[in-house]
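> output the structure for:
(chains A, B, C and D)
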Protein chains: 2
Amino acid sequence: MSQLSGKQADILDFLKEFLQEKDYPPSIRDIQEGCRISSTSVVDYNLRKLEEKGLIRRDREVSRGIEVLGNKARRAKIIDVPILGSIAAGQPIPVPSSDRFNNDVEDTVTVTEDMIRGRQNVFALRVKGTSMIDDLIDDGDIVFLEPAQAAQDGDRVAVWLKDRGEVTLKRYYLEGNRVRLQPANSTMQPIYTSADNVEIQGRFISSFRPFD
Amino acid sequence: MSQLSGKQADILDFLKEFLQEKDYPPSIRDIQEGCRISSTSVVDYNLRKLEEKGLIRRDREVSRGIEVLGNKARRAKIIDVPILGSIAAGQPIPVPSSDRFNNDVEDTVTVTEDMIRGRQNVFALRVKGTSMIDDLIDDGDIVFLEPAQAAQDGDRVAVWLKDRGEVTLKRYYLEGNRVRLQPANSTMQPIYTSADNVEIQGRFISSFRPFD
DNA sequence: AAAGTGAGCGAACATCCGTTCGGTGGAGTG
DNA sequence: CACTCCACCGAACGGATGTTCGCTCACTTT
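As a prediction, this is how the structure comes out:
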């Protein structure tokens, strides 16, 4: 690949930084000032070079029409996932509020779509306590779920066990009118219970363990 | 909160959509056309309303200087974390390549800074196998680490156990010239070993368990 | 030495674009 | 009806912005 001149690298850095801070691209004169370049024409000249090298795309006839390419991070879609509450033994999952545009939820995690595989209506819960440690879910973990009332065999679901008064996260297998709930830790024993003792509350999408 | 008029809602939707597709905000005339509004002044009028209601911010004296607020997702910083390889029993962690600007790494995860707490030089590893199941790390998990050679007591670190030929992730406690490695699962027993048998390879930042 | 090339310079130009301004019409109010 | 308020309209103004043009300078090639 052809090397970038110092000025071109400067401009590229400036572009990225500017885009990070503001939400719109710089004008040529912004770049001129930011990179201490003497003339707008020099900026234009180098932008053309950058475009030739395929590092940016310019939308002519549009001011500030500069896109930085090859920038996976910029292109990624980001979603605010509401943290609806906590999940703990002895408590059912808080029901996802019916109106989706409920922006009252102050508590959100901002994630890339990679984290939730483009699922819709995903919500998150903080895990309190170690009651799901058999499922490799620790205290403080955040689990991402999508709303679900039913499950296919093998789905990882959050279920409410009526008799125990407990929510847990297990793989679900319907066997006759019994349900087998298989822990993620394969060395642990499954739970067998009657089908009407379990109430499915959501389907597991992914989970995240933050630094403590 | 005061309701939005139909036109204001249209404009707001258009703004978000435009920003999603292009990487720069629309001009007033773009909005005019996109929302089929008769005059630029009407767009201006409604943008002022939206600004009064705190839904957008406008940067005067800058064309296309429109930011959509209340949009935590837009503001979040995103980072491409390189996945340097796999972590498995019997293999040391691949060393983070010395030159950081090594963009040859094709394999990356795109995450928000929430996921790595703003740490620098973070890298990621895929977990192969269930050798770290005691640490609540499953096959297929992705762990985020920062480079480290030493550790403080209580740090969660990835260590190379020379005698076992194995990498594991445990809490680290130096006790005299022995090291206690405490699994995340508190019901499991710690490992005791001599200090020169362990080689610290990275400090745990966070981990992620994708949908399977 | 002459010619060529890449980078830079400053000024001027033509659009692009945000803003302003006078005006219209309908709804509500006394 | 007179008055006010709100949303809207079209045109025009002026600043912001991208682009072009002729020129210079340093360095390399012929």
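
> what helices and strands are in contact with the helix or strand hosting A:Ile83?
With elements taken from DSSP states H and E, the one containing A:Ile83 is strand A:78-87. In terms of contacts (3 or more C-beta pairs under 8 Å, 6 or more residues apart in numbering or on different chains; DSSP states H and E), strand A:78-87 is packed against strand A:108-112, helix A:113-116, strand A:123-127, strand A:142-146, helix B:72-75. For the C-beta atoms, the positions are set from N, CA and C on the backbone; glycine is no exception.

> dump the residue contacts of the nearest residue to A:Asp139 once chain neighbours are set aside.
Spatial nearest neighbour of A:Asp139, chain neighbours left out: A:Thr130 (5.2 Å); criterion: C-beta to C-beta, 6 or more residues apart in numbering or on different chains. Contact analysis of A:Thr130 by C-beta atoms under 8 Å, 6 or more residues apart in numbering or on different chains lists A:Asp138, A:Asp139, B:Ser186.

> circling back to that earlier point, any chance of JSON lines for the helices and strands packed on strand A:78-87, columns mean pLDDT and mean neighbour count?
What follows is the helices and strands packed on strand A:78-87, written out as JSON lines (pLDDT from 0 to 100; neighbours: other C-beta atoms under 10 Å in any protein chain shown):
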{"stretch": "strand A:108-112", "mean pLDDT": "85", "mean neighbour count": "22"}
{"stretch": "helix A:113-116", "mean pLDDT": "84", "mean neighbour count": "20"}
{"stretch": "strand A:123-127", "mean pLDDT": "89", "mean neighbour count": "23"}
{"stretch": "strand A:142-146", "mean pLDDT": "92", "mean neighbour count": "23"}
{"stretch": "helix B:72-75", "mean pLDDT": "60", "mean neighbour count": "15"}
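
> rewinding a little: now the buried members of the contacts of A:Thr130.
Neighbour counting by 16 or more other C-beta atoms under 10 Å in any protein chain shown classes A:Asp138, A:Asp139 among the contacts of A:Thr130 as buried.

> re earlier: secondary structure class of the residue nearest to A:Asp139, three-state.
coil (DSSP: H, G, I helix; E, B strand; the rest coil).

> hmm, back to that, need the helices and strands packed on strand A:78-87 in TSV with distance to A:Asp153, can you?
Output for those, formatted as TSV (distance: least, C-beta to C-beta, whole Å):
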stretch	distance to A:Asp153
strand A:108-112	28
helix A:113-116	23
strand A:123-127	24
strand A:142-146	18
helix B:72-75	35
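
> figure out the helix or strand that the closest residue to A:Leu181 other than its chain neighbours lives in.
Spatial nearest neighbour of A:Leu181, chain neighbours left out: A:Lys170 (3.8 Å); criterion: C-beta to C-beta, 6+ apart. In the assignment (DSSP H and E), A:Lys170 maps to strand A:166-175.

> by contact count, what packs against the next helix or strand after that strand?
Using DSSP H and E, the helix or strand that follows strand A:166-175 in sequence is strand A:178-182. Applying 3+ C-beta pairs under 8 Å, 6+ apart, we find strand A:178-182 packed against strand A:166-175, strand A:191-194.

> good, we can wrap up now.
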